[in-house]
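In: Next input, structure requested:
(one chain, ligands or ions: 1)
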Amino acid sequence: MRENRNTIWSEHVQGIMTLYLSRKLRFDDMFFTQYEGLFDLDRSAEIKILEIGCGPGALAESLHRWYPGAHITAIDRDSNFISFAKENIPGVDFREGDATRLPFEDGTFDVTISNTVQEHVEPAAFWGEQRRVLKPGGVCLCLSARKGLHCTAPCLEKTEKEKAFWESILQSEDDLEKFRVCRFPMSESEIPASMEKNGFIDVITGYAVIDLTPDAPKYSADMAERMIEAMHQNDIEAVESAHSDQTVEILSVINSKYEERLRLYREGRKQWDTSVSITMIIRGVKG
Ligand SMILES: C[S@@+](CC[C@H](N)C(=O)[O-])C[C@H]1O[C@@H](n2cnc3c(N)ncnc32)[C@H](O)[C@@H]1O
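Out: Numbers count the residues shown, from 1 in each chain. Below you'll find the predicted structure:
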């Protein structure tokens, strides 16, 4: 049983907390109005939604709140993500599965959805499998992260020692080819064209812009501290995944910097660090 576990993504590409906490923020209820119009789904309908490449499950968790009448199934190839999601997120049917061979009958779902998955899966299989499992007239929603903005807090600037460490991690990221990551990147014009080429009609596009600036007064203390913690966990998991003999030393530097970041936030001493993510949403209908 255990030897069949696939844990490549969670161990070598992005860790559980990196994905879960960052997506919990991006799919927070306060941003739902940005997604709602583009999704254009009936909120009370008893529809069947399939999320593909769900990772640790944050989008599925939000979909469950946003569409209370829906039955949500979510699949991913990575066993660690699915175990985490099953343990922590009630109300969603999480399963291990491959986007190129969806384990469902033809015409099962009203909606398929994915977030930052298209670039990792061969296009004919990615669209073809979704088209196959959708009912006639079913909706395919593809969410794709585009280039955003990022500005680090002065108190979180990297020391020389950390810079050397991160550079060594970046070099090893060239190895991501061997984990088959991001082999099918597409531009903002190529994704909708690819969707049309693969049999979807009435294709529309739009953008959700999520501004994560802890010091902005529009955010509650809870939200601001969750932003800081998401950055912190992202840095911790990146260091850990490098399996370096410097791990303990670098983690201690990182932990103290984030303690300082939190202290400054709580004292009202603004740092104005910001991370603005731009998510492109492409919606098509099974023609
Ligand atoms: C960038 S992560 C995004 C995860 C999740 N959608 C999120 O936003 O947190 C890409 C995900 O796609 C999954 N994935 C990649 N190729 C896949 C495939 N062929 N079948 C199923 N999942 C796949 C990975 O395991 C990973 O969880």
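
In: Mind pulling the model confidence for L170?
Out: Here, the pLDDT recorded for L170 equals 68.

In: same question, the one 3 residues further on
Out: The pLDDT attached to E173 in the predicted structure is 59.

In: Next: S241.
Out: Model confidence at S241 (pLDDT) stands at 86.

In: cool, and V133?
Out: So V133 comes in at 98 (pLDDT).

In: How many residues are close by it?
Out: Using other CB atoms under 10 Å, V133 has 21 neighbouring residues. (Each C-beta comes from the backbone N, C-alpha and C, glycine too.)

In: do G287 as well
Out: G287 has 12 neighbouring residues, counting by other CB under 10 Å.

In: after whichever helix or strand A193 is part of comes which helix or strand?
Out: In this structure, A193 sits in helix 190-197 according to DSSP states H and E. For helix 190-197, the succeeding helix or strand toward the C-terminus, using DSSP H and E, is strand 200-212.

In: which strands and helices sit next to that following strand?
Out: In terms of contacts (3 or more CB pairs under 8 Å, 6 or more residues apart in numbering; DSSP states H and E), strand 200-212 is packed against helix 16-26, helix 32-39, helix 190-197, strand 274-286.

In: buried residues in the helix or strand that it is followed by?
Out: Per DSSP H and E, the first helix or strand lying C-terminal to strand 200-212 is helix 221-241. Buried residues in helix 221-241, counted by 16 or more other CB atoms under 10 Å: 224-239, 241.

In: Just want the angle from helix 221-241 to strand 274-286.
Out: 90 degrees (axes from the mean of the first three to the mean of the last three CA atoms, to 10 degrees).

In: Pull the distance from helix 221-241 to the chain's centre.
Out: Here helix 221-241 is found 14 Å from its chain centre; the criterion is CA atoms, centre = their mean, to the nearest Å.

In: quick one: contacts of the helix or strand following it?
Out: Sequence order places helix 247-266 as the next helix or strand after helix 221-241, per DSSP H and E. Outside helix 247-266, the residues that touch it by CB atoms under 8 Å, 6 or more residues apart in numbering are 153, 155-156, 159, 161-162, 165, 214-215, 224-225, 228-229, 231-232, 235-236, 239-240, 244, 270-271.

In: Report the inter-axis angle for helix 247-266 versus helix 221-241.
Out: Using the same axes, to 10 degrees: helix 247-266 against helix 221-241 is 170 degrees.

In: Neighbours of V285, how many?
Out: Neighbours of V285 (other CB under 10 Å): 16.

In: and it, what does it touch?
Out: Contact partners of V285, counting by CB under 8 Å, 6+ apart, are 137-140, 200-203.

In: most neighbours, which of those residues?
Out: C140 (26 neighbours).

In: Please tell me I have it right and it contacts W127.
Out: Yes - between C140 and W127 there is a contact under CB atoms under 8 Å: 7.4 Å.

In: what's the overlap in contacts for the two?
Out: Counting by CB under 8 Å, 6+ apart, the contacts common to C140 and W127 are 195, 200.

In: quick one, what contacts the nearest residue to I8 once chain neighbours are set aside?
Out: Once flanking residues are discounted, I8 sits nearest to F179: 5.5 Å by CB to CB, 6 or more residues apart in numbering. F179 is in contact with 8-9, 12-13, counting by CB under 8 Å, 6+ apart.

In: And T100, by the same measure?
Out: 121-122, 125-126, 129.

In: And R101, by the same measure?
Out: Shown in contact with R101 (CB under 8 Å, 6+ apart): E129.

In: going forward, begin numbering at 113 instead of 1
Out: Renumbered: residue one is now 113, and that last one reads R213.

In: Could I get the phi/psi values of it?
Out: Dihedral pair for R213: phi -150, psi 70, per degrees, to the nearest 10.

In: and if you look at S122?
Out: Dihedral angles of S122 (phi, psi; degrees, to the nearest 10) stand at phi -70, psi -30.

In: Having no further points to raise, I will conclude here.
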